[in-house]
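**Student:** got a predicted model here, sequence first, then my questions.
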Amino acid sequence: ENYAIIENNGFIYNEGTIFNNGPIYQCGAWIGGGPIFNPYTTDNCPVLGCTDTTACNYDDTATMDDGSCILPDGCTDATACNYDATATCDDGSCEFTSCVGCTDASACNYDDTATMDDGSCVLPDGCTDATACNFDPAAGCDDGSCTYPQYFIPVDFSTSFNEPMILVCAGNEPANYVLADQGCAQAQVDNDPFCLDIDWDAICVNVYNCCAGAAPGCTDEFACNFDPNACPDFSLCVYPGCTDPAACNFDASAGCDDGSCVLPDGCTDATACNFDPAAGCDDGSCTYPGCNDAAACNFDPNAGCDDGSCTYEVDALGICDGDCLSDYNGNGICDDDDIVGCTYPGADNYDLNATMDNGSCIFTLGSDCPEDLNNDGLVNATDLLQFLGSFGSMCE
């Protein structure tokens, strides 16, 4: 039993009764043994398809939409700049200008954002630098082939003093010129522009050696290692001085001796007994005043002259000219400085700071019968023998 629309373009097979209050559209054969109860007609069969005119698969013959419409969803042209591979229905948005340009990375006008070549690439075809020796005014894109003027110097400077260094393109240099060390030559020109295309001067003469390949050296004529043929490097120069380590004016940095050394020749200390005002370099022989009387308690065997300081009395501690009057216990501490107290470590009142015992030590005995030395409860010959065995020993 059905109260909706029944649509069928094929066959309906039915053996029972069909009850329907809606229209039945049947475009095929009806095969069945049962009756159909339907108040509507069964003619006017619909044509199914996409009825949306904006869809790519719009069917103008369809009279009933079957939900199959494919709507526009992007650009489907693979040659377009905004081609969308996921789109199934073109929406007319395709454009072909934003991604075109030169895609050849070797071209001068290479466009790294371009994905479609437009044939506009300008490829390298010569040297475009007007200052280069091989400048090509017809070239539109530089190919890195430019060559530039180089420094040339005379083959033999000794016979070409008036011939300057020149800056020309290779092949245009005179026959008696050779290619110079370019870095050296440039430094030379930076230091003295007159070295280029003008007669050589003193600076040019020095630097010429560098540009001709000479080894670095000192070109200061006042130095010990002066080399007129070296490439100037003043950090290598060493200068004259005193080279005798025994001299007072010894110069460890001196490269050669200049005869200026001042050797030790006496005592130069004015407070010494043997001061020599004529000495120019101290020889370590100075002696100084002190007590030179061997009988004095303050005799100084190193004294070079007596200064009247000799004394002959010693105090109770054996100190020459000391003031200690007594050291009764011979502990090396003057009695006036002794600290009195109990000096026995085993005593109850032992004083670590005491230096002289005053008999104040207190000892705690081991029992009520101190004579019972072996603690057997009896005072007999055994205790006496134990006492005699310990007699004269030091207490700890």
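**Tutor:** Yes, it's here.
**Student:** pLDDT at the residue nearest the centre of the chain, what is it?
**Tutor:** The residue lying closest to the centre of the chain (Cα atoms, centre = their mean) is S235, at 28.7 Å. The score at S235 is 90. That number is its pLDDT.
**Student:** that one - that's part of a strand, no?
**Tutor:** No. Checked against DSSP: H, G, I helix; E, B strand; the rest coil, S235 lies outside a strand; its state is helix.
**Student:** which residues touch A130?
**Tutor:** P137 (Cβ atoms under 8 Å, 6 or more residues apart in numbering). All C-beta atoms are positioned from the backbone trio N, CA, C, and that covers glycine.
**Student:** repeat for C310
**Tutor:** 291-293, 296, 298-299.
**Student:** pick out the most distant pair among the residues you listed.
**Tutor:** N292 and N298 (10.4 Å; Cβ to Cβ).
**Student:** quick one, strands of the stretch 201-350 of the chain?
**Tutor:** Taking DSSP state E, counting those that start in this stretch as the test, the strands found in the stretch 201-350 of the chain are 216-217, 231-232, 240-241, 256-257, 288-290, 303-306, 340-341.
**Student:** on that earlier part again, so N292 and N298 - more neighbours on which side?
**Tutor:** Taking other Cβ atoms under 10 Å, N292 and N298 do not tie; N292 has more neighbours (19 against 15).
**Student:** if we can go back for a sec, winner for burial among the strands of the stretch 201-350 of the chain?
**Tutor:** Per-stretch averages of neighbours, counted by mean count of other Cβ atoms under 10 Å, single out strand 231-232 among those, with a mean of 20.
**Student:** helices and strands around that strand, which ones?
**Tutor:** helix 202-211, strand 216-217 (3 or more Cβ pairs under 8 Å, 6 or more residues apart in numbering; DSSP states H and E).
**Student:** worst mean pLDDT among those?
**Tutor:** Among the helices and strands packed on strand 231-232, helix 202-211 scores lowest, with a mean of 62.
**Student:** quick one, what contacts C297?
**Tutor:** By Cβ under 8 Å, 6+ apart, the contact set of C297 is 311-314, 320-321.
**Student:** got it, and D269?
**Tutor:** Counting by Cβ under 8 Å, 6+ apart, D269 makes contact with 275, 282, 286.
**Student:** I figured C210 hits D181, correct?
**Tutor:** Yes. C210 lies in contact with D181 (Cβ atoms under 8 Å); the separation is 7.0 Å.
**Student:** who has more neighbours, the two?
**Tutor:** Higher neighbour count among C210 and D181: C210, with 23 against 16, using other Cβ under 10 Å.
**Student:** measure the more buried one to G308 for me?
**Tutor:** From C210 over to G308 the distance is 73 Å, taken as Cβ to Cβ, to the nearest Å.
**Student:** same question, A215
**Tutor:** In this view, A215 and G308 are 70 Å apart by Cβ to Cβ.
**Student:** cool, thanks, signing off.
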